[in-house]
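In: Need coordinates for the following:
(chains A and B, ligands or ions: 2)
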Amino acid sequence: MAAALVALTPIGLYCPGGNFYIDPLRPVPRALITHGHSDHARPGHGSVLATRETLAIMGLRCGQDFAGAVQIAALGEKLKISDVEVSFHPAGHVLGSAQIRLSHAGRTLVASGDYKREPDPTCLPFEPIPCDLFISEATFGLPVFRHPPASREIDRLLASLKTFPDRTHLVGAYALGKAQRVIALLRAAGYDRPIYLHGAMEKITEFYAREGADIGAVRKAEARDGDLAGEIVICPPGSLQDAWSRRFKDPVAAFASGWMRVRARARQRGVELPLVISDHADWDELCATIRETDCARLLVTHGEADALTHWAQGQGLEAEPLRIAGYGEEDMASQEEASA
Amino acid sequence: MNRFAQLLDRLGFEPSRTGKLRLMTEYFKTAPDPERGYALAALAGALSFQYAKPALIRGLIAKRVDPYLFALSYDYVGDLAETAALLWPAAPASADQSAPAHRLTGPPSLSEVVQSLATLGKADLPRQLAIWLDALDETGRWALLKLITGSLRVGVSSALAKASVAALGGQTGVAVEDLWHGLAPPYLDLFAWLEGRADRPAASNPAPFFPAMLAHAIEARDFETLDPAQFCAEWKWDGIRVQAVSGADSSGRNIARIYSRSGEDLSAAFPDLIECLAQSPAAGFALDGELLIRRGGKIEPFSILQQRLNRKTVSAKMLAEFPAHIRAYDLLWSETEDLRPLPFLERRARLEALVSARGEPRLDLSTLIPFASWPELAQARQDPLAYGAGADVGAVEGVMLKRAASGYLQGRPKGHWYKWKRDPWNVDAVLMYAQRGHGKRSSLYSDYTFGVWRSGSQGPELVPVGKAYFGFTDAELAKLDHFVRNNTTNRFGPVREIDHHPARGLVLEIAFEGLNRSSRHRSGLAMRFPRIARIRWDKPAAEADAIETLEALLTPKLGPG
Ligand SMILES: [Zn+2]
Ligand SMILES: [Zn+2]
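Out: Ligands and ions are numbered 1, 2, ... in the order given. Have a look, this model is predicted:
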């Protein structure tokens, strides 16, 4: 039965048939990693199987010796680990992000990792994979979360630059994925001025550019006072309110995140220009994706599991929350990132 | 409507006054007539229609969203209008709600909304509202729901809205203020004048607002440089600082108005005062004072005034129960004379003459406190009863220092006026219950009920003594919210009971301004203006204060009771 394909342990999802973990929270002998965000991709494993991009990102963030051994998973290619069939499929979350499909004795399971359905110029689109058991994230698993088109939010940012041409627009964005997506969206909207970066996101942004993302001219935001008036500066969300941001005179604090959909969350963080741009599926996308996988059973991780399980049960699915402590909200993770 | 909604949305997040001004001016520059005129009316609080009740919104959303999903969503978002705006299905949910013909129409304009609301019958409102909500985007729905429930709350005063529209024509807010009472939405004549397409509208305000003079909080080192002989002192009354203005309109009729210190017209809420101020003689005057409740021969503390302020409509019963009163501080204008350039003492003499000539029971003078030295004034501040505050002592919140030779200067000029508030009291209490807050804190547990120990039949027990909503930083709030969620022992509707075991409870150091006896509270005490001075993560709950500590503070000079 499908339940035997994976088991929930305190360090994450474990596949006894293949003796490996998916996105484990602590070092293990063998790990399959869905994507490079620090709450999923931790250093110190014996061996890591992940996409080429995810392995490269882990190397950039944790140092080249982040694991004892690495193996590249080509998207769509079927591998055998013991007698479990394993394959990776695009998740549309960030560059290199993948869902992991496991198949054994005629039963199929898909662990979504983090995913979204809205087109993203910096990564491959999500592919729905038919399965018996779908393990879905639910970061935005409440029906109040319906992300508007990201291009509309970029238009709001550009309109604000027009209204406040003398103020630096500081855009808080997660260093891996969100920052580069915002840059690429700005380029797609015709914005061709140099974009300034907080030091914490330089390396990853260079990597995205090498991988073909439309990044254009980027510069490091230096500690000069006031001379970035009217420019866009991208920084980790945690830097919006800290000492680093005080070098800019009267900045407009923007934050690109799905959390910005709820005003109280935006005000709470002192954000003046909330941009609802998310790398996670919104409610409608979660529901549509679950239907498309045609799964009979749903396990929900990451965040607001109760609403999504309730909805799925209403659709006739067997659904329950899978409580794994340790996967952070993306802006929590980025707080750590900011200090790095 | 969507453009106005975007403006509101942005205003709600913009903290600075100049930022808000620019956002509004930009909008007025680019939005068409009559749309921008209704927007100005909404921002300046000049729209009048019957506000919709929250139950109407609940009813509409209940028809469209699974109740469990609604409950989870509302719990997360915390604000009803926002929850409904976010949850509203993108396409009309059921065919019976809106006729197909309406689905073809685009989003309503603000003008259409305002005009319909003025004429729409109560029974037709839900249907019309559903049609509008179907046609608007999320921000539009949020703004519409805020508008129809009368709770825009985007941090824009009427004066700021007027200043922003005045900037269109290089005018000041005061120039628009002067015209305001002769104008009506959608203000086509005002925009035409500001854009240089027409003459200044003829109407002028017989009772205009004069920008207020504000005080700095005094600091210890100020006393080293200030000479007591150059200053007058008076009590700082704990009410609402207002300006009461009266003047004759073109037909010779006396018009009186009451403004807040930021120029908000409060007249509609105080018909009792307006009636008395509009009486001749001495029609033309503008005085600066404190709005208070006076009954039984004494000024009531702020908590009583608040009961009147909390009501949306003014009933005869309320007028009788909470009679409004003005205690005058200053005179800015008399007949045709601008007194503001005169020294404080001269204005004060004119004020005394005016108040005694009018002889009205609802208007009196704020008395000066005699003092010879700063230590003597410090004593008066500690013990107002001994220095002449009399029965009104419960409404004293400190003293004011005014330089005798200073003119009445608008804004907060340095070196002229100082406020010297009474020191707060402190008590260590234990967090007992928490509730989600409002506005920007609506998704966080930010309203805290705290208690102190008393001896019960089974040993020490906590008795609630007050509620605090502020005094903490955002970072502290995040920690408190986390603590509340992880230490909930019970739930009563929206209220969470927090573990307040002597070993595990959380101690809050509460600062407060005063203490009254109250039969409405279980402890028999009511705190004034309590707030969290410090969170004592380090202190065991068992070591928090006992009720006796508070009882000891209840000396006759602190409260009326
Ligand atoms: Zn992620
Ligand atoms: Zn994640």
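
In: B:L160: what's its closest spatial neighbour, skipping adjacent residues?
Out: B:K20 (6.3 Å; CB to CB, 6 or more residues apart in numbering or on different chains). (Each C-beta comes from the backbone N, C-alpha and C, glycine too.)

In: what sits against the one you found?
Out: Neighbouring residues of B:K20 by CB atoms under 8 Å, 6 or more residues apart in numbering or on different chains: B:L11, B:E14, B:G155, B:V156, B:L160, B:S164.

In: Is it part of a helix or strand, or is it coil?
Out: The three-state assignment at B:K20 reads helix, by DSSP: H, G, I helix; E, B strand; the rest coil.

In: returning to that earlier point: if we only consider the contacts of B:K20, which is nearest to ligand 2?
Out: The closest of the contacts of B:K20 to ligand 2 turns out to be B:E14 (CB to the ion; 31.7 Å).

In: if I read this right, that closest one contacts B:L23, doesn't it?
Out: Yes - the criterion here is CB atoms under 8 Å, and B:E14 meets it with B:L23 at 6.1 Å.

In: where does chain A dip in pLDDT?
Out: A:1-4, A:223-226, A:324-340 (pLDDT under 70).

In: can you list the domains in it?
Out: For chain A, automatic domain parsing gives the domain ranges A:2-144+A:279-339, A:150-275.

In: got it, and chain B?
Out: With automatic domain parsing as the reference, chain B has domains B:2-149, B:216-421, B:425-553.

In: out of those domains, nearest to ligand 2?
Out: domain B:2-149 (18.9 Å).

In: any idea where the helices of the stretch 351-500 of chain B begin and end?
Out: With DSSP state H, counting those that start in this stretch, the ranges of helices along the stretch 351-500 of chain B come out as B:374-382, B:474-486.

In: and these, which one is worst for confidence?
Out: Out of the helices of the stretch 351-500 of chain B, helix B:474-486 stands lowest, with a mean of 86 (criterion: mean pLDDT).

In: May I have that helix as PDB, with CA atoms only?
Out: C-alpha atoms of helix B:474-486 as PDB (Å, rounded to 0.1, in the frame of the first residue of the first chain):
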ATOM      1  CA  ASP B 474       6.400  45.200  16.700                       C
ATOM      2  CA  ALA B 475       9.100  42.700  17.600                       C
ATOM      3  CA  GLU B 476       7.700  42.400  21.100                       C
ATOM      4  CA  LEU B 477       4.200  42.000  19.700                       C
ATOM      5  CA  ALA B 478       5.400  39.100  17.500                       C
ATOM      6  CA  LYS B 479       6.800  37.400  20.600                       C
ATOM      7  CA  LEU B 480       3.700  38.100  22.600                       C
ATOM      8  CA  ASP B 481       1.500  36.700  19.800                       C
ATOM      9  CA  HIS B 482       3.700  33.600  19.700                       C
ATOM     10  CA  PHE B 483       3.400  33.200  23.500                       C
ATOM     11  CA  VAL B 484      -0.400  33.600  23.400                       C
ATOM     12  CA  ARG B 485      -0.800  30.900  20.700                       C
ATOM     13  CA  ASN B 486       1.500  28.500  22.400                       C
END
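
In: For chain A, tell me whether it is touching it.
Out: Yes - contact between helix B:474-486 and chain A, assessed by CB under 8 Å from any CB of the partner chain, occurs at B:D474, B:L477, B:A478.

In: ok, now which ones touch the last one?
Out: This points to B:A478. Here B:A478 is in contact with A:Q268, B:L444 (criterion: CB under 8 Å, 6+ apart).

In: if you average pLDDT over stretch B:410-422, what comes out?
Out: 88.

In: Now for residue 14: which residues touch it?
Out: If you meant another chain, say so; for now it's chain A. Neighbours of A:Y14 in contact, by CB under 8 Å, 6+ apart: A:V6, A:A7, A:L8, A:F20, A:Y21.

In: actually it's chain B I care about, not the one you picked
Out: Listed by CB under 8 Å, 6+ apart, the contact partners of B:E14 are A:E272, B:K20, B:L23, B:G155.

In: distance of the first one from ligand 1?
Out: Computed as CB to the ion, to the nearest Å, the A:E272 to ligand 1 distance reads 26 Å.

In: so that residue touches A:D250, yeah?
Out: No - counting by CB under 8 Å, A:E272 stays clear of A:D250, with 10.7 Å between them.

In: quick one, strands of the stretch 351-500 of chain B?
Out: B:363-365, B:396-403, B:417-421, B:425-436, B:445-456, B:459-468, B:488-492, B:495-498 (DSSP state E, counting those that start in this stretch).

In: Same list (these) but as JSON lines, adding distance to ligand 1.
Out: Supplementary listing: these in JSON lines, determined by distance: least, CB to the ion, whole Å:
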{"stretch": "strand B:363-365", "distance to ligand 1": "66"}
{"stretch": "strand B:396-403", "distance to ligand 1": "52"}
{"stretch": "strand B:417-421", "distance to ligand 1": "50"}
{"stretch": "strand B:425-436", "distance to ligand 1": "29"}
{"stretch": "strand B:445-456", "distance to ligand 1": "28"}
{"stretch": "strand B:459-468", "distance to ligand 1": "38"}
{"stretch": "strand B:488-492", "distance to ligand 1": "30"}
{"stretch": "strand B:495-498", "distance to ligand 1": "31"}
